[in-house]
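[1] Provided below are the primary sequence and the corresponding predicted coordinates.
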Amino acid sequence: MAKGKIRILIGKPGLDGHDRGAKIIARALRDAGMEVIYTGLHRSPEEIVETAIQEDVDAIGLSVLSGAHMTLFPKVLQILQEQDAADILVFGGGIIPEEDREKLLKLGVTEVFVPGGATQKTIEFLKQRFAERAPRADATQKQKAVS
């Protein structure tokens, strides 16, 4: 049984002022049927986690193009742990070298997407992670037929 839409917070931590990618992924996730909260630019890790908890999200997507990913991603993970909210999945994207991607995955980031990648990969990743949340197409069609 479906528990509702997947809720995702897209955050832009730090001083990075480029949010085109964050807005593209936010729109793609929304168009795929997810609820998306976008924090806007220049948010601190503390603000991102606080918003994620208040909005009761399933996952936080961080977009970092400034090169501060090895500071910002671990800080978000740390604050989630401190707030007893480590069950909120963290994924991200941006200009992240492969060796740093591997380090982030080892720290607990669930996936890292790079610029130029298909937004469908992110959508599929989240739908797989929260498969119990996404209503099955056949169940939705049967429900419409009964109505």
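    Arrived safely. None of the values given here were measured: they were computed from a predicted structure.
[2] show me where the chain has strands.
    7-11, 35-38, 59-64, 89-94, 111-113 (DSSP state E).
[3] can I get the ones you listed in a markdown table with mean pLDDT and mean neighbour count?
    Bear in mind the C-beta positions are built from the backbone N, C-alpha and C, glycine included. Below are those laid out as a markdown table (pLDDT from 0 to 100; neighbours: other CB atoms under 10 Å):
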| stretch | mean pLDDT | mean neighbour count |
| --- | --- | --- |
| strand 7-11 | 98 | 25 |
| strand 35-38 | 98 | 18 |
| strand 59-64 | 97 | 26 |
| strand 89-94 | 96 | 22 |
| strand 111-113 | 96 | 21 |
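[4] let's have those in CSV, adding distance to residue 21.
    Below are these laid out as CSV (distance: least, CB to CB, whole Å):
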stretch, distance to residue 21
strand 7-11, 10
strand 35-38, 12
strand 59-64, 6
strand 89-94, 7
strand 111-113, 9
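[5] residues contacting the residue lying closest to residue 67 once chain neighbours are set aside?
    Residue nearest to residue 67 in three dimensions, not counting chain neighbours: residue 95, with 6.8 Å by CB to CB, 6 or more residues apart in numbering. By CB atoms under 8 Å, 6 or more residues apart in numbering, the contact set of residue 95 is 64, 65, 67, 114, 115.
[6] show me which residues of stretch 37-45 are buried.
    Within stretch 37-45, the residues that count as buried by 16 or more other CB atoms under 10 Å are 37, 38, 39, 41, 43, 44, 45.
[7] from these, which is closest to residue 28?
    residue 38 (12.2 Å; CB to CB).
[8] quick check, central residue of this structure?
    residue 61 (2.6 Å; CA atoms, centre = their mean).
[9] if we can go back for a sec, among the strands of the chain, which is nearest residue 50?
    The nearest among the strands of the chain, by CB to CB, is strand 7-11 at 10.4 Å.
[10] now, of the contacts of residue 95, which are buried?
    By 16+ other CB under 10 Å, the contacts of residue 95 give 64, 65 as buried.
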